[in-house]
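Participant: How does the following fold in three dimensions:
(one chain, ligands or ions: 1)
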Amino acid sequence: MTVRVPAKVNVQLAVGAARPDGFHDLANVFLAVSLFDEVTVTPADELTVTCSGPDADQVPLDRTNLAARAAQLLAARAGRPDDAVHIHIAKNIPVAGGMAGGSADGAGALLACDILWGLNTPTEDLLDICAELGSDVPFSLIGGAALGTGRGEVLTPVEAGSFHWVFAVAEGGLSTPAVFREFDRLAEGRDVAAPQASPALLAALASGDADALASTLANDLQPAALSLRPDLERTLSTGVEAGALASLVSGSGPTTAFLVRDEEAAAKVAAALEASGTCRATRTTTSPAPGAALLP
Ligand code: ATP
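Facilitator: Next comes the predicted model:
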């Protein structure tokens with residue numbers, strides 16, 4: 001069973017003050033983009049994980065891998081005597097890049113194991129398991145575009161027209177908890193407003209109007225990510241100088257995202273980013289992309 005799962009960009013990431021449990025309330029507008037990992041599961045004697053792709057050496061291959069955790073959790077919930085399955089991840093989504101790559105693999109493995117084991121788990125129950133695996137995992141399962149509230153896991157699908165994006169993959173990664181800690185440090189002594197989805201952004205997203213979306217993109221984690229990685233400022237300005245309509249840090253970074261008008265602009269912006277030496281690689285994508293889906 002091979003399941004294809006998309007990466008995401010947050011076109012809006014509004015972050016509230018830290019809650020007593022350490023999480024933050026979010027208003028998180030997720031958009032799935034056409035950059036995919038493929039997760040293949042096959043029956044095996046024990047639970048094992050392998051990974052291929054440019055970032056494969058950064059992916060844990062033990063039972064802490066989110067795909068392996070998904071298999072363990074599904075087996076436990078279904079009362080299966082064992083979780084013996086081999087999981088192979090063909091990884092194309094940057095690791096620790098703020099594009100929910102691990103979450104995608106978790107959602108992919110969950111769906112693939114559900115089919116392999118013939119469980120037919122209702123989507124609502126799969127979404128519950130996803131939320132237990134991590135805040136971004138439920139969105140990886142459904143894809144498209146959605147507003148996430150709570151800590152991001154309570155999803156309401158929203159409408160989205162089509163858009164073109166370029167992503168610049170940075171050297172190294174950023175830990176999402178470290179970026180939230182930096183957000184808290186920068187917010188010290190300030191009132192942090194309750195996070196709210198922007199009606200202007202949702203309207204722009206639905207209309208497919210790239211200029212309108214460009215003027216409403218917002219990521220409250222961006223100052224924290226830039227504080228930890230000031231070098232990303234140059235990547236952001238390089239893309240805009242090359243014609244991107246807008247730029248932003250993707251989620252907690254350090255991947256940066258560039259909204260562009262069309263395919264031609266995407267090629268131009270990607271070429272300028274690669275020539276600038278301010279990133280490790282680029283990926284050209286479109287949105288919205290479908291959620292986790294079984295490949296024929
Ligand atoms: P998010 O956007 O959801 O905050 P991210 O894209 O920044 O996440 P991931 O690629 O999901 O980050 O990786 C974060 C960490 O999770 C990695 O450094 C790695 O140690 C761990 N991890 C566990 N499972 C996986 C997986 N299947 N793929 C990648 N990383 C994984």
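
Participant: Identify the neighbouring strands of the stretch of helix or strand residue 6 belongs to in the sheet and state each direction.
Facilitator: Element membership of residue 6 [criterion: DSSP states H and E] is strand 2-18. Strand 2-18 pairs in its sheet with strand 24-43 (antiparallel), strand 218-219 (parallel), strand 293-294 (antiparallel), by DSSP bridges.

Participant: got the residues of the protein near the ligand?
Facilitator: 59-60, 65-67, 89, 95-103, 105, 136, 173, 176, 251-252 (Cβ under 6 Å from any ligand atom). All C-beta atoms are positioned from the backbone trio N, CA, C, and that covers glycine.

Participant: doesn't residue 36 make contact with residue 290?
Facilitator: No - in this structure, residue 290 is not within contact of residue 36 by Cβ atoms under 8 Å, at 9.7 Å.

Participant: These two: which is more packed in?
Facilitator: It is residue 36, of residue 290 and residue 36, that has more neighbours when counted by other Cβ atoms under 10 Å, with 24 against 14.

Participant: what's the distance between that one and residue 199?
Facilitator: From residue 36 across to residue 199, the span is 31 Å (Cβ to Cβ, to the nearest Å).

Participant: one step back: select, out of the strands paired with strand 2-18, the one closest to residue 286.
Facilitator: Closest to residue 286 of the strands paired with strand 2-18 is strand 24-43 (Cβ to Cβ; 5.1 Å).

Participant: List the buried residues in the closest one.
Facilitator: 24-41 (16 or more other Cβ atoms under 10 Å).

Participant: ok, then the element right after that strand?
Facilitator: Following strand 24-43 in sequence, per DSSP H and E, is strand 48-52.

Participant: Can you give me the buried ones in that next one?
Facilitator: Buried positions in strand 48-52, judged by neighbour count with 16+ other Cβ under 10 Å: 48, 49, 51.

Participant: mind listing what's buried in the lengthiest helix in the chain?
Facilitator: What stands out as the longest helix in the chain, according to DSSP state H, is helix 101-116. By 16+ other Cβ under 10 Å, the buried positions in helix 101-116 come out as 101-114, 116.

Participant: For the closest residue to residue 12 other than its chain neighbours, give its distance to residue 52.
Facilitator: Spatial nearest neighbour of residue 12, chain neighbours left out: residue 29 (4.0 Å); criterion: Cβ to Cβ, 6 or more residues apart in numbering. According to Cβ to Cβ, residue 29 and residue 52 sit 32 Å apart.

Participant: Now the common contact residues for residue 290 and residue 36.
Facilitator: Contact criterion Cβ atoms under 8 Å, 6 or more residues apart in numbering; residues shared by residue 290 and residue 36: residue 6.

Participant: Save the strands paired with strand 2-18 as a markdown table, and put in mean pLDDT too.
Facilitator: As requested, the strands paired with strand 2-18 are arranged in a markdown table below (pLDDT from 0 to 100):
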| stretch | mean pLDDT |
| --- | --- |
| strand 24-43 | 97 |
| strand 218-219 | 98 |
| strand 293-294 | 98 |
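
Participant: show me what contacts residue 97?
Facilitator: With contacts defined as Cβ under 8 Å, 6+ apart, the neighbours of residue 97 are 169, 170, 173, 250, 253, 254, 255.

Participant: for residue 89, that is, sorry about that
Facilitator: Contacts of residue 89 by Cβ under 8 Å, 6+ apart are 37-39, 49-53, 59, 65, 67, 105, 108.

Participant: my read: residue 106 touches residue 70, true?
Facilitator: Yes - the criterion here is Cβ under 8 Å, and residue 106 meets it with residue 70 at 4.5 Å.

Participant: Identify the contacts common to those two.
Facilitator: What both residue 106 and residue 70 touch, as defined by Cβ under 8 Å, 6+ apart, is the set 133, 137.

Participant: where do the helices sit along this structure?
Facilitator: With DSSP H as the criterion, the chain has helices spanning 66-78, 101-116, 123-133, 137-142, 176-187, 199-207, 210-214, 222-228, 232-241, 263-276.

Participant: The shortest one packs against which elements?
Facilitator: Here helix 210-214 touches strand 163-169, helix 199-207, strand 256-260, going by 3 or more Cβ pairs under 8 Å, 6 or more residues apart in numbering; DSSP states H and E.
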